[in-house]
Structure formats: structure tokens, C-alpha cells
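1. Got a sequence here, can you model it:
(chains A and B)
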Amino acid sequence: MSTDDDLPVIAPGKKVKKLTKNQRKARRRFLRSIAVGGGVVGASVLGFFPVTKNWTPRLRPPGAIEEKDFLAACIKCGQCVQVCPVEAILLGDLDEGFGVGVPYIVARDQACDFSCDAVQCVLACPTEALTHKIDKKEQVRMGFARVARPKNCLAVAAKPFKGLARGPDYPGLLRYTEIDRWNPQAVATHEYDRTVCDLCVKECPIPGAINLEPLYEDPSRYGWVPAINKTCVGCGVCEMICPVEPAVIVIEERKTWEDM
Amino acid sequence: MSILSSLAVMLGAAPPTADPKRQTEAAREMHAFKRTADQRKERAEKLRHERDLARSHKWRNWRWLSIVAVNMIFVLSYQFDVQLVEGALTASRVIGFHFADLNSALQVMLAHKKILINLVIGTVTVFVLWWFLGGRSFCSWACPYHLVAEWAESLHLALRRRKWIKDYELHRGTRAVLYVLFALAAFVTGYTVFEAISPVGILSRAIIYGPGLALIWVAGLLVWEIFVSRRAWCRYICPIGITYAFVGAISPVRIQYDMTECLHEGDCRKVCLVPHVLEMTKMGYADDVKVGIGSDCTRCGLCVDVCPTNSLLFHVKGMDKLL
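-> Presented below is the predicted three-dimensional model:
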């Protein structure tokens, strides 16, 4: 019998079993396993913070169900990314916690312009995180447009707009139905010439969602402000096309007419 | 090995030791024969020659090709818009048919608490596919993390040979505990908690949609595997492995061990990701002359490549009866 198996008496009445080499090894392995397991769970739990603290509020693709359900239902496969004809959809990164791999849209860079007509991303979604209950662009409720910087608006100052909306290097695409019904065109190839800037109204894909309202009753004074109406779906085309930097109109994600 | 005992070993139980009571008559006779002095001498002689054998990499090469091909189909199909395979490894459409990774689908259903018809279709398709191919063969024949982890492992082993590092093993039961914890986390919080750190989803999406910050996590895991713990993610952590191990427990395609020619030198256990499934290759352990390898086996074929006597081979259950 090895001395390892002896039971030395440390304090009166208190027997402590000395562990064998193998037992000590097993115990270290056990503690190590708990530490690593805890570390892995801890790393995954960090994903809570960006989500619950709303660090990265995101405009979700058309048909996205309520945010918490959306994060649960989304299987993070990116099929919506693949079918979007204007490549508006991006996938969340590490800084979004549980939003890793979840699709979103940055309207200013590339808005959803419904080039696909029948909301292809919704049809592509295998888990109904983008709900199949909608099949027309008018039914979409991604958010709601808000005139955030009216002071900068060209229409408010009754100014014209001539030239490229976002400059020659802007990579964004937009469907110009009068040019090509089926293929979205580069915004950088499309020259505008408007006596009063109304790009947001002109390019809005939803009938009646936005219009210019006169600011003054006095007929000798000129000035208009974009007014957002109930039918706005929050697609973000107005935010994308606004030629002022930063954009006068922004999309408030997940807001509706009732919230505003 | 019974299915239950194979599942228990997969979930972390120690593999069964040699027990003549469990063994068939033929197995006992062969064990006794192999213990004779003549046989020992013959094996020792063969082992001396074994050093000079050129090791095949046949199955490994096929497997690497498979992993690259599977992941490249996603990329090419997207880049050239041929719509052959859309999506990522977590969920996809293959020529229009829904496919869903079983573990991702499980996480989504637990978190979302709804039965989604497309997900059920995708799950059934993938279940049948991987049931036939052998469950964890997903790991070694499709998973992109497996491939980079294999390369990290060769670095780890090179450092070990120089005695610069040592392998800090974990208890294999860790993976089973984490499996339950991640399932509970998804159900209780309503978020797909595991998906946030799954290197399989992260890598698959990075390959298809371009790299992101999330690759830092994957790189961290690889560094840990190179310097601290050999193949730690696949061995001790990944719940995807458990999901597919359950599926593969009753698969027709598996590795079969035939002890007749085995030299019991244990090279197979040295290269194996899950060496506990090869416990029966130890002298006197096998319950029968031919034994199917347990459910944790990824069918990677490294043991088949390394075995000097072809005692480990791919086998399709029932095939020998058919032929």
C-alpha cells in the first residue's frame, strides 16, 4: 500500500484523505473543465449586452417580426442577402451580440427600393423571421421616415437641385422605372435637374407616402417641407437619395405612424 | 457495442474496459490466440517493419476536398448567382429544397418556440442525409472549422514533439453539460445564445459573405487549441457534434474494426479526434472479432489511413450481405 492512501490526522477528529496522483490529475482536469465551460458560457452570455442595451439599433429587412422574436427565429443563413437585387442586406457582426449573422439594412448606403417587387427576402427566409404574411411592398413596416434636419433641407430653402444626388463615387443602386423596369441603375449615373429639390418625393417607391407641403400661407414667400404620411413603410429610399450631407430625412427603425 | 453504451461514451462516460464476460466465443478464442508467445513475437516483428511503411493520406485528402467543395459550392453559387445552393451551413436551399443544420434548427425552435414548416422540412432532409452518411461525418466532411482546427492540431502536435507545450485535457462530459446549458439558455432567454459564438456559423458566413470581427473569436479558439488544449472545441465544447452524434448512432455508414490482423500498436488512437471510440483496439478489449465504431466517431478516416494492417475500414451495414 502506498503512503498516498494513508489517512493523516490534521486536526483532532478531522481526517483528510490524501489524494493519489491520478486523483489529483482528475481533479485538476475537472476544475479546468468547469473553468473552460464557464468561460464558453460566459463568452456567449456577453451577447446579451449589445441586444438588451440596444447598442446597435438596426433597420431590419422587410417583413421582420418583432425584434426579440426576430433574433430568435432568424437562423443566420443569409439567404435574404443572396436574393436582394440591390444588395441592401448586410449581416450583423460580433459587436451585435445575439445579432451575429442577423440581417439589417443601412438605408443611407443602400436602401431597400423594392426593385424585386414581391419582397424576395421574405420569400427566401426559411424560418419566417421575415414573415410570409406580407406579399406586397405596401404592407411592409420596417420603420418610419422622420425629417430630422429640416434646417438643411433644400426644399425648405426653396433651392433647386442639379447634378448627381450622392456624387460620382456613390455605389448605391435604385430602380428608375422610366429607364429600366427590371434592372436597378447606379445612382451615380443619374443626373437630376429639379427647380426645387424634391428627390425624396420623386424616388419614393410607395404611392402617397411622402409629399412636399408649402411652409407659408403668404404667396410671396416660397418654401416646402417633406411631409411623411401614414403609408410610409420605412424602406429608406428618401434617406438614401437625399443630396444633403448628413441626410435631412432618416428612418426611425421599427417606428410606425402611430408612434410618431 | 450497444447503442446505449456508445451514446454514454459519446456523452462523456469512460469507455468500457476489457470484459471476457461480454465477449463472444470467437472473440475470446482470438484474444487467447493473440496472447500466445508465437503471436506476440510475430506482432513485434511486424511492428519493426511498420516504421518503414509509407502512410496513406487517401481518406484525409478526399475529406479535405469534400470540406473545401461543400463550402465553395455556397460561395460560387452566390458569386455567380447560379442558385444551386443558397444560404450558409446553418440553413440553405439546395436546388430549391430546404436544408437546415440540425443544431441551428434546434436552437431556433427552442428560442422561438414555434414549429416552422420550412424548418421541419429542412431538418428532415438533413436528418436523413446525415443519418445515412453517419452523423458526425458532418463534422469531418463538411464543417469548415474542422478543417482549420485540423491544421491547428498539426501545429499543436509539432510543438508537443519539441516539448514546448503540453496538452491540457478536459473532461469529455463538459460537452454534454454545455449541450444542456445551451439548450436551456435558448429556451429560457428566447435568444439563440449558442449561435452567437458558434465558429461553424461564423466561419461559414465569413467564407460566403466576407470576413468580419467575429473571426477574432474563431482565431482565439484556434490559438487556444494550438498552445493549450488539443482540438478542444470539437472534443469538449461543440454541441453540434453531440446533435450529429445522436443522429449517427444508428447510421449504416461507419468504421468497422476487425481485430484479426490488428497489431494493437495504437497508432489509430494517436491520430483520432475522439480516441475513446477506439478503445476496443487495445489488446483483449474487443467484444467481437468485428466491431462497429461508436456514435462519437466522425468517420474522418484518419485511423483507416494510419492502420498498417487494414484492421479499420469504412463499412456499410448490410452491404456484405448484399454483395
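2. Can you list the buried residues in the top helix by length along chain A?
-> Identified as the longest helix of chain A according to DSSP state H is helix A:21-45. Residues of helix A:21-45 classed as buried by neighbour count (16 or more other C-beta atoms under 10 Å in any protein chain shown): A:Arg29, A:Arg32, A:Ser33, A:Val36, A:Gly37, A:Val40, A:Val41, A:Ser44, A:Val45. Backbone N, C-alpha and C define where each C-beta goes, glycine included.
3. For that helix, which outside residues touch it?
-> Outside helix A:21-45, the residues that touch it by C-beta atoms under 8 Å, 6 or more residues apart in numbering or on different chains are A:4, A:19, B:168-171, B:173-174, B:177-178, B:181-182, B:185, B:193-194, B:196-197, B:217, B:229, B:232, B:236-237.
4. Can you tell me which of those residues are buried?
-> When those are checked for burial by 16+ other C-beta under 10 Å, the buried set is B:169-171, B:173-174, B:177-178, B:181-182, B:185, B:193-194, B:196-197, B:217, B:229, B:232, B:236-237.
5. Tell me which stretches of chain A form helices.
-> When assigned using DSSP H, the helices of chain A occupy the ranges A:21-45, A:48-52, A:67-73, A:79-83, A:120-124, A:199-203, A:237-241.
6. could I get the ones you listed as TSV with mean pLDDT?
-> Converted to TSV, those look like this (pLDDT from 0 to 100):
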stretch	mean pLDDT
helix A:21-45	94
helix A:48-52	92
helix A:67-73	95
helix A:79-83	94
helix A:120-124	93
helix A:199-203	96
helix A:237-241	97
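7. could I get those as TSV with distance to A:Trp257?
-> Formatted as TSV, the helices of chain A follow (distance: least, C-beta to C-beta, whole Å):
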stretch	distance to A:Trp257
helix A:21-45	37
helix A:48-52	26
helix A:67-73	19
helix A:79-83	25
helix A:120-124	21
helix A:199-203	17
helix A:237-241	15
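8. Quick check: which of these is nearest to A:Gly167?
-> Set against A:Gly167 and scored by C-beta to C-beta, the helices of chain A come closest in helix A:237-241, at 12.3 Å.
9. Might you report the residue contacts of the residue nearest to B:Ser204 when sequence neighbours are not counted?
-> In this structure, B:Ser204 finds its nearest non-sequential neighbour in B:Leu89, 3.9 Å apart by C-beta to C-beta, 6 or more residues apart in numbering or on different chains. B:Leu89 makes contact with B:Asn71, B:Phe74, B:Asp101, B:Ala142, B:Cys143, B:Pro144, B:Val200, B:Gly201, B:Ser204, according to C-beta under 8 Å, 6+ apart.
10. redo that, cut-off 10 Å
-> By C-beta atoms under 10 Å, 6 or more residues apart in numbering or on different chains, the contact list for B:Leu89 reads A:77, B:70-71, B:74, B:99, B:101, B:104, B:138, B:142-145, B:198, B:200-201, B:203-205, B:207-208, B:240.
11. distance of it from B:His98?
-> Separation of B:Leu89 from B:His98 (C-beta to C-beta, to the nearest Å) stands at 14 Å.
12. The nearest residue to A:Gly101 once chain neighbours are set aside - how many residues pack around it?
-> Leaving out its chain neighbours, the residue that sits closest to A:Gly101 by C-beta to C-beta, 6+ apart is A:Lys76, at 3.1 Å. When neighbours are counted by other C-beta atoms under 10 Å in any protein chain shown, A:Lys76 registers 31.
13. next one: B:Asp81
-> Neighbours of B:Asp81 (other C-beta under 10 Å): 11.
14. tell me which element it falls in.
-> Here B:Asp81 sits in a region with no helix or strand, counting by DSSP states H and E.
15. ok, now which ones touch whichever residue of the stretch 101-250 of chain A sits closest to chain B?
-> Among all residues of the stretch 101-250 of chain A, A:Pro126 sits closest to chain B, at 4.6 Å; criterion: C-beta to the nearest C-beta. When contacts are counted by C-beta under 10 Å, 6+ apart, A:Pro126 touches A:73-75, A:77, A:79-80, B:86-87, B:90-93, B:98-100, B:105, B:108, B:116-119, B:121-122.
16. Perfect, I'm done here.
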